[in-house]
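**Student:** next comes the sequence, and after it the predicted model I'd like to discuss.
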Amino acid sequence: MVSTHPTGVQHTGSQYLPQKYDTNANPSPNQELLPLTARVHNHDLLEIGGCDVTTLVEQFGSPLYILDEETLRSACQQYRDAFKQYYKGESQVLYASKAWNCLAVCAIAASVGLGIDVASGGELYTALQAGVSADKIYLHNNNKSREELIFAIESGCTIVVDNWHELRTIVEIVEKLYTTLQKPRIMLRLTPGIECHTHEYIRTGQLDSKFGFDPNQLDELFTFVSKQSALNCVGLHSHIGSQIFERQPHRDLAAVMVQWLRDAAKYGLNITELNVGGGLGIKYTESDDPPSIEEWVKAICEVIQEACAAENLPLPKLLSEPGRSLIATACVTAYTIGSSKVIPEIRTYVAIDGGMSDNPRPITYQSVYRAVVANKMSSPLTQTVTIAGKHCESGDILIKNALLPKTEPGDILVVMGTGAYNYSMASNYNRLPRPAAVVVTNGEANLILQRETYQDLIRQDRLPERLKSQELGVKS
Ligand code: LLP
């Protein structure tokens, strides 16, 4: 059956192209399905960043992450512009690099003036290697190791302290090792007790969360910190969750944080920064309707400004750390279609050359994605199929009901919105090498992550000497 619009127009993959970009409007990338530069050329072929997607796959192999630089830059710039427009004080947008941490992505975000939020020593190392200045890096994590804390203190980044154990460890490290050096800049992460509607695994703001200090211990916490000469406590931090479409939870958060700011002053703490975290959702399917970047920023700025005015407090430096809404829509994953299996009157499986190892979100969170066929953008969408990954696991299904044109082996399937939490959560399950990634802009494609090889897969393997000499498979 051919799918049609109520207007009688046939559905094709082109319906997912960004609608407004050509008219000089400035669409919020998180409200689009495909990257802003996506076009159809030569009637049927998908182009991103001026590059033909099927040619990119021929050149760089399959599967392939394709990152559109213009979309990423536009999202970064829109966050910055919105804070400039709606916030009267100083502001700093950080890219939550857990969404996709690699040298090139950190470098692009930093080049638009963003700082970087890192969640481990490994992410901190990558951001530093990308050339990001330590004074714009903020380290998170609910169980930072001693080594990670020392690395962070030596690098000069800001540490977002999550709990008592960490706080005491930092004081001890500084008193023992760094008596003559600059005190570490820290922020305190607090759990705000705010619920939001998103998948329970990616909610963090409710009181029953592993992250952050319990706000019922504010008195104890502020008293302790105010007495520590080893620390330079500059700010408070909170994050309520991810893929959030409502604005009210972030408004509530902003209001709560200003109350904490007021309380901190009573303890003589000179808190000058508030970090409201990230969490703005993106459009993964036609029915998703997230607010724009501008609307989200405006809502937070209004509340902070009103609450500070009501409390007669000077405006803090306002930080935020979006991840998904900066990068998800900027990237697509291109796969090559291989085998298929038709089970009459039940289902048709179409298999691709990747799956849960390059995109673990469907199997982890039942996330829903949309796809197009890059070499059949103008063909009518005539079949509903299940896109299966190639892993030895029945649950390795990328998309349950994908509406596609008739497909054949060799067609290039493009899954949209894969820039966030795909590469960064990728694995080598079944010893699949992780795909390559390219960044595209103005018709130029540059490799940013090399495809792993079979040699890479055994790089860390060690075969103990006593196993080497055995004739394998032969019993003595
Ligand atoms: N700040 C903190 C402290 C965070 O924990 C996170 C995300 C962010 C900022 C960025 O949130 P975003 O703007 O990206 O929503 N793997 C899950 C998402 C986990 C989010 C973890 N924290 C997924 O694939 O949906």
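**Tutor:** Arrived safely, thanks for sending.
**Student:** and what about residue 345, helix, strand or coil?
**Tutor:** State at residue 345, reduced to three classes by DSSP: H, G, I helix; E, B strand; the rest coil: coil.
**Student:** contact partners for the nearest residue to residue 354 once chain neighbours are set aside?
**Tutor:** Among residues not flanking residue 354 along the chain, residue 63 sits closest, at 3.9 Å (CB to CB, 6 or more residues apart in numbering). Where C-beta positions appear, they are placed from N, C-alpha and C, glycine not excepted. By CB atoms under 8 Å, 6 or more residues apart in numbering, the residues touching residue 63 are 333-336, 352-354, 358, 435.
**Student:** the helices in the stretch 251-400 of the chain, which residues?
**Tutor:** When assigned using DSSP state H, counting those that start in this stretch, the helices of the stretch 251-400 of the chain occupy the ranges 293-311, 324-327, 361-365.
**Student:** chain center to the shortest one, what's the gap?
**Tutor:** Mean-position distance between helix 324-327 and its chain equals 6 Å (CA atoms, centre = their mean, to the nearest Å).
**Student:** alpha carbons of the helix-or-strand element of the chain with minimal mean pLDDT, as CSV, please.
**Tutor:** Ranking every helix and strand in the chain by mean pLDDT, DSSP states H and E puts helix 465-468 at the bottom, with a mean of 92. Provided in CSV are the C-alpha atoms of helix 465-468 (Å, rounded to 0.1, in the frame of the first residue of the first chain):
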residue,chain,number,x,y,z
GLU,A,465,52.7,-17.8,27.2
ARG,A,466,51.4,-21.2,28.5
LEU,A,467,48.5,-21.0,26.2
LYS,A,468,50.5,-20.2,23.1
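**Student:** for that helix, packing partners?
**Tutor:** Helices and strands touching helix 465-468, by 3 or more CB pairs under 8 Å, 6 or more residues apart in numbering; DSSP states H and E: there are none.
**Student:** now render the helices of the stretch 251-400 of the chain as CSV, adding mean pLDDT.
**Tutor:** Formatted as CSV, the helices of the stretch 251-400 of the chain follow (pLDDT from 0 to 100):
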stretch, mean pLDDT
helix 293-311, 97
helix 324-327, 98
helix 361-365, 98
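**Student:** highest mean neighbour count out of those?
**Tutor:** Highest mean neighbour count of the helices of the stretch 251-400 of the chain: helix 324-327, a mean of 32 (counted as mean count of other CB atoms under 10 Å).
**Student:** does the ligand sit close to that one?
**Tutor:** Yes: interface with the ligand: helix 324-327 contributes 324-325 (CB under 6 Å from any ligand atom).
**Student:** and that helix, what does it pack onto?
**Tutor:** helix 69-86, strand 91-96.
**Student:** export that helix to CSV, keeping only CA atoms.
**Tutor:** C-alpha atoms of helix 324-327 as CSV (Å, rounded to 0.1, in the frame of the first residue of the first chain):
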residue,chain,number,x,y,z
ARG,A,324,21.6,15.9,23.0
SER,A,325,20.0,19.1,21.7
LEU,A,326,23.4,20.3,20.4
ILE,A,327,24.5,17.2,18.5
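**Student:** list of residues touching that helix?
**Tutor:** Residues from elsewhere that reach helix 324-327 (CB under 8 Å, 6+ apart): 29-30, 67, 72, 75-76, 79, 95-96, 99-100, 105, 109, 242-243, 278, 280-282, 290, 293, 296, 419-421.
**Student:** low-scoring stretches of the stretch 51-200 of the chain, by residue?
**Tutor:** Applying pLDDT under 70 to the stretch 51-200 of the chain picks out residues 180, 196-200.
**Student:** residues of it that sit close to the ligand?
**Tutor:** Applying CB under 6 Å from any ligand atom, we find that the stretch 51-200 of the chain lies next to the ligand at 96, 98-99, 117, 140.
**Student:** who in the stretch 201-350 of the chain is up against the ligand?
**Tutor:** Residues of the stretch 201-350 of the chain lying close to the ligand (CB under 6 Å from any ligand atom) are 202, 204, 239, 242-243, 277-280, 321-325.
**Student:** could you rerun that using 8 Å?
**Tutor:** Counting by CB under 8 Å from any ligand atom, the stretch 201-350 of the chain comes close to the ligand at 201-202, 204, 211, 237, 239, 241-244, 277-281, 321-326.
**Student:** having no further points to raise, I will conclude here.
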